[in-house]
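Visitor: please find the sequence and the predicted model below.
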Amino acid sequence: MQTTQQLPVQIKRIWALSAVGSLCMGVLITVGLGVANWLWNWPFWLVWVALGLTIVEFIVELALVPYRYRFSEYVITDNAVEIQSGFIFRNRIAIPIARIQNVTLKAGPLMQWQHLEQVVIATAATTHDIEGVQTAVATRLRELIMARAMEVQDNDL
Amino acid sequence: MLAVIIFVDIATDNGGRNAILQDMAHWLVLIILGVIGITLLLVVLPYVMTTYELTDKGVTLNRGVLRRQHLHVTYARIQTVQHLQWFFLKPLGLEKVQIETAARGSGHGEVVLTLVHASVGTEIERRQQAARAAAPGAQTTPVAGMDSDTDIATDNATVASTTYRLPNEDLLIFGITSLGFIPLIFLLLAVWSRVSEWIPGVEDWLANLLMHLPAISIVVLLVVIIGLGVMTEFVRILIRYWGFTLDFDGRRLQSRKGLLQTNTVTATAKRIQAVRYKQNIIRQWLSVGTAQVILASNVASKEDDKDMVIYPLVHQDHVWEQLTRYVSWLPDRIPAVTPVMTGYWALIRNALILPVIAVIPCIIWLRPWGWLSLLLLVWGGLQGRYAATRRGYVTAGRFIYLQTGRWFERELLVSPRDRVQSLTVRQSWWMVRTGLAHVQVSLRRGDGEYEVDLRYVPLAVGEAIYQWYLGDNVVDVATTAP
């Protein structure tokens, strides 16, 4: 697997749904502030601020999904795992296989619905993740990474 | 201490003098009872309920009042043993022993024997050595293309044991040049403001006094306050680093220091992740600094900066050749670091954000003293500029050298590629236009991570360091960077 891989297309749906989730949270907070205004006379401009922020955040997050998708990719070479992600805050991370301690696959309900898994790679210091890959691919990736990691016995600190 | 001061503050907020005194008496009795009760519950009871046992295979610790815990650590798994001994316990031969293994995320050192006889600690270490000698050695085999640790294994076999003792004049210079007095002065000011509220009239009396004195006395007063701060810090460092000794037997580094409480920290040389040499602005002027090592174990978590100090004070021309005695992978000569010339304004701007947030309310609501807060802006600006001018980097062979500046302290970090756990090049969307990026190097420190950030470097430099880390081409970044 030397070539750069894009994330599966379904991840865009997950990101869009996550934006909707933030929208719901924002609306709840706005309503909460409205209730607080009605019950305890909290200032009303807070409600406007919350509403504004929610709408702006939702639009921005939704609009950024295609750009984020374009920028996100990963490569697994003989020596390292390289992950690229984010659009506003762009990260390029290099993790040598020799530094990998373990690999975990995680999936919340939304991811499971789309048959995606998140690949979490743990080094001795930090964890990094590939945001979403298909389940079959994820399992194969994990096996590949762990096999290479076990060949290299430099994993001891 | 602070809680007591604040507490007394609240107590004195209700009216007349007599009432205050009565209330105070009331409260004092309650406080004393409360403190005794809490001490009994939190200190004496757990102590009585904790037992330990040195078995054939390991150390067993039984502790807990409501939920009993039984911790068992095999001798072979013990990584470090730390001894802490207060001076008044020396004649009794008692100390606190802290045992640590390689397990991650255990927070407060796993097995802690709060008060045991010194022979127990020695016995544990003896059994640990025996267990390790008996175990089949875990040799790391080098893989083609990967950096190997074998040079450490062979070097240790031939190194004789060495002892270093910090000379007294170095200890004095170390104490005097510490910048730790600055936070102390802030603390002094905070205490003073509390005291002046508690004893009404003190502030007025002082203001009267100051107005009747010539201006020069105010300057003298300021000098006295600063002098007090410096003296306190000096004494604190003296007590902490008294008798600093460093022993190395080829495999383990042991540092012993302290006047009131002797603190012995032992670490395996193999667990050294990186070496750091730092100099605050005064020490830089004197060409001296402190050398520390970043370890993968928690022994140094109570130290200044959470890292084990190897040389509290050492001249910058000699530090690296002296460190190679303990850290075998260190090269004798450090290449010159390439300074970073970009991103000055960004760093100064970042350093000014917090001061601006603090200054604006001061100016609006706290006149006229609020205008003094503009000094904060100057401070912030100077900090930003210091951080900007001290950045530097170079990669040579399998080492990366990163120089950064923070709080008027410059530090140079040296780490081999195989100790760096991951490397990130970060670029925010608005930085694409200016072509700048941040490079972040992740190391293991204690139970968690240590990140060194090289900020606002040209993207090409970030890319070059990234490629160096992947190991495709071992080219010195310094020679190829424009």
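Guide: Sure thing, it's come through. Being a predicted model, the structure only gives us computed values, none of them experimental.

Visitor: mind listing what's buried in the biggest helix by length in chain A?
Guide: Of all the segments of type helix in chain A, defined by DSSP state H, the longest one is helix A:10-40. Within helix A:10-40, the residues scored as buried using 16 or more other Cβ atoms under 10 Å in any protein chain shown are A:10-15, A:19, A:23, A:26, A:29-30, A:33-34. Quick note: C-beta positions are derived from backbone N, CA and C, even for glycine.

Visitor: stretch B:118-137 now?
Guide: Of all the residues in stretch B:118-137, those buried under the rule 16+ other Cβ under 10 Å are B:118, B:120, B:121, B:124, B:125, B:127, B:128, B:131.

Visitor: what's next to that stretch, contact-wise?
Guide: The list of residues contacting stretch B:118-137 from outside it, by Cβ atoms under 8 Å, 6 or more residues apart in numbering or on different chains, reads B:54, B:59, B:74-76, B:78, B:81, B:83, B:85, B:93-95, B:97, B:99, B:113.

Visitor: what residues does the stretch 301-450 of chain B put near chain A?
Guide: Applying Cβ under 8 Å from any Cβ of the partner chain, we find that the stretch 301-450 of chain B lies next to chain A at B:418, B:420-429, B:442-445, B:448-450.

Visitor: now, of those, which are buried?
Guide: Buried subset of these (neighbour count, 16+ other Cβ under 10 Å): B:418, B:420-427, B:442-445, B:449-450.

Visitor: just to be sure, which of those are found in strands?
Guide: The subset of these located in strands under the criterion DSSP state E comprises B:420-427, B:442-445, B:449-450.

Visitor: helix or strand: which one has the closest residue in space to residue B:351 that isn't next to it in sequence?
Guide: By the measure of Cβ to Cβ, 6 or more residues apart in numbering or on different chains, the closest residue to residue B:351 outside its immediate chain neighbours is residue B:384, 3.0 Å from it. Using DSSP states H and E, residue B:384 maps to helix B:374-389.

Visitor: what comes up buried for that helix?
Guide: Residues of helix B:374-389 classed as buried by neighbour count (16+ other Cβ under 10 Å): B:376, B:380, B:383, B:384, B:385, B:386, B:387, B:388.

Visitor: what does stretch B:170-180 give?
Guide: Residues of stretch B:170-180 classed as buried: B:170, B:171, B:173, B:174, B:175, B:177, B:178, B:180 (neighbour count, 16+ other Cβ under 10 Å).

Visitor: mind putting those residues into TSV with pLDDT, distance to chain A and secondary structure?
Guide: Rendered in TSV, the data for the buried residues of stretch B:170-180 read as follows (pLDDT from 0 to 100; distance: Cβ to the nearest Cβ, whole Å; DSSP: H, G, I helix; E, B strand; the rest coil):
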residue	pLDDT	distance to chain A	secondary structure
B:170	92	32	helix
B:171	92	32	helix
B:173	92	35	helix
B:174	93	30	helix
B:175	91	34	helix
B:177	90	32	coil
B:178	88	29	coil
B:180	80	28	coil
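
Visitor: which among those gets closest to residue A:83?
Guide: Nearest to residue A:83, judged by Cβ to Cβ, of the buried residues of stretch B:170-180 is residue B:180 at 40.4 Å.

Visitor: which phi and psi does that closest one have?
Guide: Phi and psi for residue B:180, reported as degrees, to the nearest 10, are phi -70, psi -10.

Visitor: I figured it was touching residue B:234, is that so?
Guide: No: under the criterion of Cβ atoms under 8 Å, residue B:180 makes no contact with residue B:234, lying 9.3 Å away.

Visitor: and chain A, what are its domains?
Guide: Chain A resolves into domains spanning A:10-67, A:74-156 when parsed by automatic domain parsing.

Visitor: which of those domains comes out lowest on mean pLDDT?
Guide: Among the domains of chain A, domain A:74-156 carries the lowest mean pLDDT, a mean of 85.

Visitor: what is the distance between that one and the centre of its chain?
Guide: Computed by Cα atoms, centre = their mean, to the nearest Å, the separation of domain A:74-156 from the middle of its chain amounts to 12 Å.

Visitor: got it, and stretch B:340-360?
Guide: Centroid separation between stretch B:340-360 and its chain, computed with Cα atoms, centre = their mean, is 25 Å.

Visitor: elements contacting the helix holding residue B:384?
Guide: When contacts are defined as 3 or more Cβ pairs under 8 Å, 6 or more residues apart in numbering or on different chains; DSSP states H and E, helix B:374-389 sits against helix B:344-365, strand B:399-406.

Visitor: rank the ones you listed by pLDDT, which is bottom?
Guide: The weakest mean pLDDT among those belongs to helix B:344-365, with a mean of 85.

Visitor: re the thing from before, now render the helices and strands packed on helix B:374-389 as TSV, adding mean neighbour count.
Guide: Compiled in TSV, those are given as follows (neighbours: other Cβ atoms under 10 Å in any protein chain shown):
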stretch	mean neighbour count
helix B:344-365	15
strand B:399-406	21
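
Visitor: tell me where chain A has helices.
Guide: Along chain A, counting by DSSP H, helices occupy A:10-40, A:45-71, A:109-113, A:135-151.

Visitor: next, the buried residues of the second one.
Guide: Spelled out, it's helix A:45-71. Those would be A:47, A:50, A:51, A:54, A:58, A:61, A:62, A:64, A:65, A:68, A:69, A:71, for helix A:45-71 by 16+ other Cβ under 10 Å.

Visitor: residue A:20 is in contact with the fourth one, correct?
Guide: No: using Cβ under 8 Å, residue A:54 is not in contact with residue A:20; the gap is 11.5 Å.

Visitor: then stretch B:127-135 to CSV, C-alphas only?
Guide: Provided in CSV are the C-alpha atoms of stretch B:127-135 (Å, rounded to 0.1, in the frame of the first residue of the first chain):
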residue,chain,number,x,y,z
ARG,B,127,16.2,-8.0,44.7
GLN,B,128,15.4,-6.0,41.6
GLN,B,129,19.0,-6.2,40.4
ALA,B,130,19.0,-9.9,41.1
ALA,B,131,15.8,-10.5,39.2
ARG,B,132,17.0,-8.5,36.2
ALA,B,133,20.3,-10.3,36.1
ALA,B,134,18.6,-13.7,36.2
ALA,B,135,16.0,-12.9,33.5
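
Visitor: and that stretch, how far from the chain's centre?
Guide: Averaged C-alpha coordinates place stretch B:127-135 at 32 Å from its chain's average position (Cα atoms, centre = their mean).

Visitor: for it, what is the average pLDDT?
Guide: Stretch B:127-135 comes out at a mean pLDDT of 76.

Visitor: again with stretch B:426-440
Guide: If you average the per-residue pLDDT over stretch B:426-440, you get 92.

Visitor: next one: stretch B:190-197
Guide: Computed over stretch B:190-197, the average pLDDT equals 72.

Visitor: mind saving the C-alpha coords of that stretch as CSV?
Guide: Taking C-alpha atoms only, stretch B:190-197 is exported to CSV below (Å, rounded to 0.1, in the frame of the first residue of the first chain):
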residue,chain,number,x,y,z
ALA,B,190,-1.0,39.5,46.5
VAL,B,191,-0.3,38.8,50.2
TRP,B,192,0.3,42.5,50.8
SER,B,193,-3.0,43.5,49.3
ARG,B,194,-4.8,41.0,51.6
VAL,B,195,-2.9,42.2,54.6
SER,B,196,-3.7,45.8,53.9
GLU,B,197,-7.4,45.0,53.8
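
Visitor: mind checking how far that stretch is from the chain centre?
Guide: The chain centroid and the centroid of stretch B:190-197 are separated by 29 Å, computed with Cα atoms, centre = their mean.

Visitor: in the helix or strand hosting residue B:394, which residues are buried?
Guide: Assigned by DSSP H and E, residue B:394 falls within strand B:392-396. By neighbour count, and taking 16+ other Cβ under 10 Å as the criterion, the buried residues in strand B:392-396 are B:392, B:393, B:394, B:395, B:396.

Visitor: could I get these as a markdown table with pLDDT?
Guide: Output for these, formatted as a markdown table (pLDDT from 0 to 100):
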| residue | pLDDT |
| --- | --- |
| B:392 | 93 |
| B:393 | 94 |
| B:394 | 93 |
| B:395 | 91 |
| B:396 | 88 |
